[in-house]
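Chemist: Got a sequence here, can you build the structure:
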Amino acid sequence: MIDKIYLDASFFVALQIKEHIFYQKAWKKINKSQSIKIYFSLFTLDEAIHVLKKYKLSKSKIIKIVKDKLINTNKSILISYKDDKKTSLKYLNLWQKYNLRPIDSVHLFLMKQHKIKTIATFDNDFIKNKKQPGIKVL
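Modeler: Got it, this is the predicted structure:
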């Protein structure tokens, strides 16, 4: 049973933009997961804001979406990492070991650090490589 999900920016954006190619698919998947806690990081926020800007949304609209749909919900939990050199080395090892982009390796690192085994994503790097790091894709 899934009790925690790490939210990737691709999935979050798909939930917010009705014209998004994965809008319906994202809502179907997330509605099946009503009681699950959703974990995100500042990296998720950064990526989501960057992509939402491409949809020509104003800064105030983006801030409202992020606050109302992610930060201020009871289901979501912001996670971070320890700021020590060992953390950097662990991240580098993950990046070296798996076929992921550097930022995706950060997401994977955070998932592993917080014992989160499932990611909500439409990112092809995670989808095609999910067996390598032993994660499930929602």
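Chemist: From now on I want contacts and neighbour counts done on CA atoms only, so please keep to that.
Modeler: OK.
Chemist: Name the helix or strand of the protein that has the lowest mean pLDDT.
Modeler: helix 124-129 (a mean of 78; mean pLDDT, DSSP states H and E).
Chemist: neighbouring contacts of it?
Modeler: Outside helix 124-129, the residues that touch it by CA atoms under 8 Å, 6 or more residues apart in numbering are 98, 99, 100, 101, 104, 121, 137.
Chemist: so what's the backbone phi/psi at the fourth one?
Modeler: Torsion angles at residue 101 (phi, psi; degrees, to the nearest 10) stand at phi -70, psi 160.
Chemist: what bridges to the closest residue in space to residue 75 that isn't next to it in sequence?
Modeler: Leaving aside its chain neighbours, residue 75 sits nearest to residue 37 (5.0 Å; criterion: CA to CA, 6 or more residues apart in numbering). Counting by DSSP bridges, residue 37 forms beta bridges with residue 4.
Chemist: residue contacts, residue 37?
Modeler: 3, 4, 5, 75, 76, 77.
Chemist: Lowest-confidence entry in the contacts of helix 124-129?
Modeler: In terms of pLDDT, residue 99 ranks lowest among these, with 75.
Chemist: pretty sure it is in a helix, no?
Modeler: No: under DSSP: H, G, I helix; E, B strand; the rest coil, residue 99 sits outside any helix and is assigned coil.
Chemist: Run through the residues that contact it.
Modeler: Residue 99 neighbours (CA under 8 Å, 6+ apart): 125, 129.
Chemist: List phi and psi for it.
Modeler: phi -90, psi 60.
Chemist: any idea how far residue 47 is from it?
Modeler: 20 Å (CA to CA, to the nearest Å).
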